[in-house]
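Q: how would this look folded up:
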Amino acid sequence: MKGQIVFIASLLIVVVLVALGIFAPDQLDHIATGAHEAVIESTGWAYLLSALLFLVFCLYVAFSRFGSLKLGRDDERPQYGYFGWFSMLFAAGMGIGLIFWGVAEPLSHFAAPPAYLEPRSASAATFAMTRSFFHWGIHPWAIYIVMSLAIAYFSFRRGMPPLISSCFYPLIGDRIYGSIGKSIDVLAVFATVFGVATSLGLGAMQIGGGITAVFGITHTLTVTLTIIAVVTVLYMLSSATGLDKGIQILSRTNVLVALILMGFVLIVGPTAFNLEIFTDTLGRYGASLFSMSLDASPFQGFEWTKDWTLFYWAWWISWSPFVGLFVASISRGRTVREFVLGALLVPALLTFVWFSVFGGAGLALEIHSGIPVADTALADPSLALFEVLSHYPFAAITSILAVLLLSVFFITSADSATFVLSMMTSEGSFSPSLRKKLTWGIVQSSAAAVLLLSGGLEALQRMAILAALPFMFIMLVLTRSLFKAMRYEVRYERRAETTRDSDRARAQASRS
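A: Numbering: from 1, shown residues only. Now for the predicted structure:
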């Protein structure tokens, strides 16, 4: 019954917003713009501080006595091997966004940095790569881990339904089954729909850009909406095949295609230059991680911070219910330490290499060859990757490969999100009905299309920030709940178990 209430309430809220976008797109954009400005001006600092707190919490849990706890029974083994696990982590956690911004973000920062830096200078290039690492590094994964760790712990180790409301049992007890718990789950669905809609909108825009680059078809909104419709059919077919068959196969394919494309650009591009960027930026990123985490630039550069860092932090938070539930579902049997360090470091390292190769390739064209590819990134970020590929050998083949990669990431992300939304509105069932999968598949694609119609890329960004605001506070309380539960287990339950084992051993010794 709870699942039906959550399903109906969350579906009604999303459908109302989608309908408003269809019949009154200007009004929706106006409302979203005003709310977005108010949120950023008053709570932007909270996004920065929260992301840092989530990272500190993850590191503490991994290296504390809680790290030896297993997400499942003590004798349970992981369901997936490392390659399959990392592939699904990467596809669900980054996917489309990484392909969209891998070239566009470094070039955008290089050409249009904060006001205190000279555009297209060496300082701007260093800033561009360091901030790209920062936006896509360990902070987003810390946000995901907080959510997924809590869900995995309470569902697999404590035997509770895999719902976000279950994670608050140590704080509110049986009220998780009442209105408070339902409200938490409804907010999670709301954040997930619009967080995923942002990524689907970005993916559709860039697939359209790739079609323009390869086939010369004009990149219009109609083309983008057609792409959303076609890919929606494909990922709903994938969703109907189930988690093991559909998502895992597509995730493995994602990573292999991404590695092939990245390896090609690394080899034919400025290899030494890209590797130098990787080592230099990694060092700068590590050295300035703490200062960047709290850098709001209130005196100069706050507008840049609002447009980039605050958007990203809100985007990751709005994605956290989806990624959290999905990552939890594929991580059973791993220890807390293995889970946190694996999910925190491995995808981030691959992301750093990706930005070094593709961002470095774009910067090399600008700095060494004098080709103004950054102008394309500023005018239309969805075309930046294809503009860079056009200056390297086999451009048509690599562009088609990039479109294929985007399409597979699109399908994987939407497939995973459809599964998770269905779980969240089916009382945490790992076998949600096909009807709910189809319903949420249509709804999330409709949300992406409506946001593009009402305001394009800026509308996608604004809605991600708005959807994340209430969930940021939910996640802060969630860390307290998870800490309380793990501390109780280690301090009392394990101590009692150790005492019983010792008594049992003494009794056996006395009998012998």
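
Q: C-alpha from now on. contacts and neighbour counts both.
A: Fine.

Q: Point out where the stretch 251-400 of the chain drops to low pLDDT.
A: 251 (pLDDT under 70).

Q: Give me the helices and strands touching the helix ranked longest in the chain, please.
A: In the chain, with assignment by DSSP state H, the single longest helix is helix 434-488. If you count contacts as 3 or more C-alpha pairs under 8 Å, 6 or more residues apart in numbering; DSSP states H and E, helix 434-488 packs onto helix 2-23, helix 25-63, helix 138-152, helix 169-172, helix 179-215, helix 221-241, helix 311-329, helix 395-424.

Q: Just the angle for it relative to helix 2-23, thanks.
A: 120 degrees (axes from the mean of the first three to the mean of the last three C-alpha atoms, to 10 degrees).

Q: Quick one: mean pLDDT for helix 434-488?
A: Mean pLDDT, computed over helix 434-488, is 82.

Q: again, but for stretch 71-85
A: Per-residue scores along stretch 71-85 average to 86.

Q: And it, how far out from the chain middle?
A: Offset of stretch 71-85 from its chain centre (C-alpha atoms, centre = their mean, to the nearest Å): 22 Å.

Q: That one: end-to-end distance?
A: End-to-end distance of stretch 71-85: 15 Å, with C-alpha to C-alpha, to the nearest Å as the criterion.

Q: who touches that stretch?
A: Contacts to stretch 71-85, defined as C-alpha atoms under 8 Å, 6 or more residues apart in numbering, come from residues 152-153, 156-157, 248, 251-252, 330-336.

Q: For it, which residues meet the burial criterion?
A: Within stretch 71-85, the residues scored as buried using 16 or more other C-alpha atoms under 10 Å are 71-72, 80, 84-85.

Q: what's the closest of those to residue 37?
A: Nearest to residue 37 among those is residue 85, at 38.6 Å by C-alpha to C-alpha.

Q: Quick check: the gap between residue 227 and residue 258.
A: 21 Å.

Q: If you could redo that for residue 394, that was the one I meant.
A: For residue 394, the distance to residue 258 - C-alpha to C-alpha - is 16 Å.

Q: Please say which of the two ends up with more neighbours.
A: Comparing residue 394 with residue 258 by other C-alpha atoms under 10 Å, the one with more neighbours is residue 258, at 21 against 10.

Q: Name all residues that make contact with the more buried one.
A: By C-alpha under 8 Å, 6+ apart, the neighbours of residue 258 are residue 405.

Q: any idea which helix or strand carries it?
A: When elements are assigned from DSSP states H and E, residue 258 belongs to helix 248-268.

Q: next one: residue 72
A: Counting by DSSP H and E, no helix or strand carries residue 72.

Q: possible to save the helices and strands packed on helix 434-488 as a markdown table with distance to residue 350?
A: Listed next are the helices and strands packed on helix 434-488 as a markdown table, based on distance: least, C-alpha to C-alpha, whole Å:
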| stretch | distance to residue 350 |
| --- | --- |
| helix 2-23 | 34 |
| helix 25-63 | 19 |
| helix 138-152 | 11 |
| helix 169-172 | 36 |
| helix 179-215 | 19 |
| helix 221-241 | 25 |
| helix 311-329 | 18 |
| helix 395-424 | 16 |
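
Q: Next, format those as CSV and append mean neighbour count and distance to residue 269.
A: Shown next, in CSV, are those (neighbours: other C-alpha atoms under 10 Å; distance: least, C-alpha to C-alpha, whole Å):
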stretch, mean neighbour count, distance to residue 269
helix 2-23, 17, 43
helix 25-63, 17, 35
helix 138-152, 27, 27
helix 169-172, 16, 53
helix 179-215, 25, 20
helix 221-241, 18, 30
helix 311-329, 27, 29
helix 395-424, 24, 12
